[in-house]
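> A predicted structure for the sequence below; I have some questions about it.
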Amino acid sequence: MEEPKALEELRSDESSRSAFLKIVGGAGAAGALGIFLAACGDDDEEDEAAKTSEEKPAASGMGDAEIVNYALTLEYLEADFYQQVIDSGEITDKQIVETAKKIGESEQAHVDALKGTAENLGAKPAAKPKTNFDDVLAGGPDKILETAASVENLGAAAYLGQAGNITDKEILAAALSIHSVEGRHAAALNLLVGKTIVPDGAFAKPATEDEVLKAVQPFLAS
């Protein structure tokens, strides 16, 4: 019998939902969980009419360990991007440099946490991919900031896209926590490049694994 997904269990079991909220920080997490439930699909009839099939990500077929390593690969890419941006010296505005450092530190913390999570699941952590941001860095500050905003929005959408496939509530809690931070990064960078902080409106849109991997392919060294 297939193991129920964590979101399905949280929808149907109030005791599981309460325990989950304790893991992620109580009442403050309830709103974020609501976004996950709304974006990933809820079975209530009153919500069903508002959904369309194209808004739901296709099931990836990945287990929790594969999802963790998929997320880890994205975090490697993000952390490496910010380090290269800082090392390049292309950004000279001190406030923006400090923002890049703060975001980069967050991404590295995500890398460390996800590596540990993969190991706790008995899986080998994904290897760090070789990256190529030469074209982005050559484009100067505007290109760098546009890319940073795109990458952060993509990262938030990637976590949302896998939320419904996770079976372990603690891993879902970790994904929700990281998703929230990625969304904050995206909002800050959207402001810097003159975009709205809520590009998808009131509810964030998830991205499938295929969509995410296609988007990051230009940043991976061959």
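Cool, the structure landed.
> the least confident helix or strand in the chain by mean pLDDT: what's the following helix or strand?
Sorting the helices and strands of the chain by mean pLDDT, DSSP states H and E puts helix 45-48 at the bottom, at a mean of 42. Using DSSP states H and E, the helix or strand that follows helix 45-48 in sequence is helix 64-88.
> just for this protein, where's the confidence low?
1-4, 6-61 (pLDDT under 70).
> phi, psi of E90?
For E90, the backbone dihedrals (degrees, to the nearest 10) come out as phi -70, psi -30.
> let me fix that: L220
phi -100, psi 130.
> how deep is it tucked in, by neighbour count?
By other C-beta atoms under 10 Å, 13 other residues sit near L220. For every residue, glycine as well, the C-beta is placed using N, CA and C.
> how about the residue nearest to it when sequence neighbours are not counted, what does it touch?
Of all residues not flanking L220 in the chain, P129 sits nearest, at 5.7 Å (C-beta to C-beta, 6 or more residues apart in numbering). Residues near P129 by C-beta atoms under 8 Å, 6 or more residues apart in numbering: 73, 76-77, 220-221.
> same thing with P125?
69, 72, 114-115, 118-119.
> buried ones among the residues you listed?
Neighbour counting by 16 or more other C-beta atoms under 10 Å classes 69, 72, 114-115, 118 among the contacts of P125 as buried.
> helices or strands next to the top helix by length along the chain in the packing?
Assignment by DSSP state H gives helix 94-120 as the longest helix of the chain. With contacts defined as 3 or more C-beta pairs under 8 Å, 6 or more residues apart in numbering; DSSP states H and E, helix 94-120 has these neighbours: helix 64-88, helix 140-163, helix 169-192.
> what about 6 Å?
In terms of contacts (3 or more C-beta pairs under 6 Å, 6 or more residues apart in numbering; DSSP states H and E), helix 94-120 is packed against helix 64-88, helix 169-192.
> export the next helix or strand after it to PDB, keeping only CA atoms.
The helix or strand immediately downstream of helix 94-120 is helix 134-138, counting by DSSP H and E. The C-alpha coordinates for helix 134-138 follow below in PDB (Å, rounded to 0.1, in the frame of the first residue of the first chain):
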ATOM      1  CA  ASP A 134      30.300  33.700 -16.900                       C
ATOM      2  CA  ASP A 135      27.700  35.200 -19.100                       C
ATOM      3  CA  VAL A 136      25.700  36.500 -16.200                       C
ATOM      4  CA  LEU A 137      28.700  38.100 -14.500                       C
ATOM      5  CA  ALA A 138      29.800  39.600 -17.800                       C
END
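> from the chain's centre, how far out does helix 134-138 sit?
Taking the mean of its C-alpha atoms, helix 134-138 sits 24 Å from the chain's own mean (C-alpha atoms, centre = their mean, to the nearest Å).
> now it: buried residues?
136-137.
> which other residues reach it?
Applying C-beta atoms under 6 Å, 6 or more residues apart in numbering, the external contacts of helix 134-138 come out as 88, 90, 143-144, 147.
> most surrounded residue in those?
Among the contacts of helix 134-138, I144 has the most neighbours (other C-beta under 10 Å), with 23 neighbours.
> how close does that residue get to I91?
Separation of I144 from I91 (C-beta to C-beta, to the nearest Å) stands at 6 Å.
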